[in-house]
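In: model the following, please.
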Amino acid sequence: MHLALYRSERPERFNEIIGQKHIVRILQHQLETDNVSQAYLFTGTRGTGKTTTARILAKALNCTGNPADGQLPCGECENCKAIKEGRFLDVIEMDAASNNGVDDIRDLIDRVNYPPMVGRYKVYIIDEVHMLSTSAENAFLKTLEEPPAHVIFILATTNPEKVRETIRSRCMRLDFRRVSEDDLIEGMERICRRKQVNITRDALALVAQKADGSVRDGLSILEQCISGGDALVDLETVEDYLGSAGMDFYLGLTQNVIEHNMAEALKRVGDALRTGCDAKQIFSDWLEHYRNLMVVRYVDDAKRLINASKENIGRMRLQASQMDADSLEVSIRLLSEYINLARSSTQPRILLETAALHLMNGKAVPSSKVAEMLQLAKAELKKVPLVPTVQASSPEQTMAAEPKEAAEPAVPVSEASVPTAAVPETSDAAETSFYEDGFDPEAVWDRIVDIVAQDAGASFRIMVGSTSRIESYRNGELSILVKANKIDLANDSKAEIQAAARQILGEHAVVTLRSDDGKGAPTGTAPARDVKPVTALKPSNPPAAEPSRPIPEVPAYPAEPEFGIGDEGVDEIVPSDYNMMGGVDYPTRMEQKDDIVTEIAEEAGILFGTSVEIID
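Out: The predicted structure follows:
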């Protein structure tokens, strides 16, 4: 079976590891002084050699050979070969991502007490240790702190911040760094020489750059490039396999932007995409090109910082001289924003062409400004048409500005008694209007409910918001009609309602809560005023007035439990007529069963937003 390059070329000795010289030095010194730690924690990003180093350490601990250079492991003895092939009984590899339960850890704890069967040490390599469950970590702590003398634990993870501190403190932590491009190039050169692959250093430099510090990623890209069977793998070959355009493309596209030649830029982008280049890869490489332009503008010896030939560096230096520092900075920031958009876009080509046009304009919006604009846009969407609020500089100016009839609030009128097309007898619109011009009571009430519900929760929206309405708004006084059995709940949130109203209508707004039975006195603090009656046309067939139902008295809770037979024939601790709703108008006697059913259906309809029918 064919093995991938990163598997077939896995290092077998410490001197073959690409990079990580600081870790190799520590482990070799511990082996030479026979001062090996009881537990290790290997951390680092993917492909940096954590598992490979763990296996080499396991070989060194159980190696029986005598290498000429004196550095363990030898890689030639029977134990080293068995560990390499995965058949050594005393080296156990465990994937914590799929064996993360407490039972798996308990099984491991039971086995650690048995001595090694072949080698000197029993080595447990636990990969992705951060995936262990909480109970598994707790079960593992004591064994990890005081393991038997013949057991060594090597824990590996890509997310050390997710590993509990109690586990980290029991291990010797070694952090694997991203491998430098120079180390990657050197390591891949050795592999290519062994495999007799003819590849240029520029091509290897591009592969190392795309690997982003991961040896495994670099070897995967290298295998893709050499699998085509080309006699010579050069820079153009690697760009072709990666779906990237060449240096000439980015120099030409950037020159089109400088010269504001949009037609040529669109043609160049179209030609590149037709040849198989990836639009997202072009975005990334174009941003890298602008970074190179910035480097050559300020650094004389740019060869150390840029993977390009002397000729191309000279061409980039000439192009950078045509741009000022502000243009470079704006272009880099703008391209970065477009790359973020392209990651989740299904039409990256359109974004690429738009980015070229945007770069020609030379205007980029800072990310902080974009976030601020989004917040303002969201705030505008939430706004509803409201009556403009006039802020007076003094109470005297406010009183002077009020019309004579402004001191007279509107009279609350029942919805059942006033039809939609009611016309008052008097022609003075100011005296008969319940709302000021432009005031939308439903929209204002919805906004008040939204603001109060943020603190009071959904219960306020359901119990008070959906059953109440604004009765009138005149001269800064907002009268809210609340259902009789919800007036106590509304009063509990009166301060929040007042604050929300002032936030919407201005700081002089005053809220008055009124009961909808027509008998409750206002609970607000607005001063009483004389009112003028409002006469409305009566409908031809007025609906019959609904008789008001008296609120039943709520018996006090007995001092001692009273056992008896309730209305439903079951034992009850409380009296059968005790009101469990705490003051809410819910009758509980059997003779009022019909009223209970009606009330429950009504409340359920409000709660679920639909018509509810209760079938007996």
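
In: once you drop chain neighbours, what's closest to residue 179?
Out: With Cβ to Cβ, 6 or more residues apart in numbering as the criterion, residue 179 has its nearest non-adjacent residue at 3.8 Å, and that residue is residue 19. Heads up, the C-betas are built off the backbone N, CA and C, glycines and all.

In: hmm, residue 181 and the one you found touching each other?
Out: No: if you go by Cβ atoms under 8 Å, residue 19 and residue 181 don't touch, sitting 10.4 Å apart.

In: got the phi/psi numbers for the nearest residue to residue 231 once chain neighbours are set aside?
Out: Leaving aside its sequence neighbours, residue 231 sits nearest to residue 198 (Cβ to Cβ, 6+ apart; 6.5 Å). Phi and psi for residue 198, reported as degrees, to the nearest 10, are phi -90, psi 110.

In: what does the one 10 residues further on give?
Out: The phi and psi values for residue 208, taken as degrees, to the nearest 10, are phi -60, psi -40.

In: got a pLDDT number for it?
Out: Per-residue confidence (pLDDT) for residue 208: 90.

In: who are the neighbours in contact with it?
Out: 181, 184-185, 188, 218 (Cβ atoms under 8 Å, 6 or more residues apart in numbering).

In: distance of it from residue 163?
Out: Distance of residue 208 to residue 163, computed by Cβ to Cβ, to the nearest Å: 30 Å.

In: any low-confidence regions in this structure?
Out: In the predicted model of the chain, residues 1, 362-438, 517-597, 607-616 satisfy pLDDT under 70.

In: try it again with 80
Out: 1-2, 243-246, 303-304, 307-309, 362-439, 455-459, 462, 474-475, 516-616 (pLDDT under 80).

In: just the strands in it please.
Out: Assigned by DSSP state E, the strands in the chain fall at 39-44, 91-95, 122-127, 151-157, 172-176, 469-474, 477-482, 510-515, 564-565, 571-572.

In: distance of residue 161 relative to residue 351?
Out: Distance, residue 161 to residue 351, using Cβ to Cβ: 34 Å.

In: neighbour-wise, which of those two wins?
Out: Each of residue 161 and residue 351 has its neighbours counted (other Cβ atoms under 10 Å); residue 351 has more, 18 against 8.

In: what's the closest non-adjacent residue to that one?
Out: Ranked by Cβ to Cβ, 6+ apart and with sequence neighbours excluded, the top spatial neighbour of residue 351 is residue 342, at 5.1 Å.

In: from what I can see that neighbour touches residue 353, true?
Out: No: applying Cβ under 8 Å, one finds residue 342 not in contact with residue 353, separated by 11.7 Å.

In: ok, those two, which is more surrounded?
Out: More neighbours surround residue 342 than the other of residue 342 and residue 353, with 21 against 17 (other Cβ under 10 Å).

In: how close does residue 353 get to residue 267?
Out: Residue 353 is 11 Å from residue 267, by Cβ to Cβ.

In: circling back: ok, the residue nearest to residue 351 - contacts?
Out: Neighbour list for residue 342: 279-280, 283, 348, 351-352 [criterion: Cβ under 8 Å, 6+ apart].
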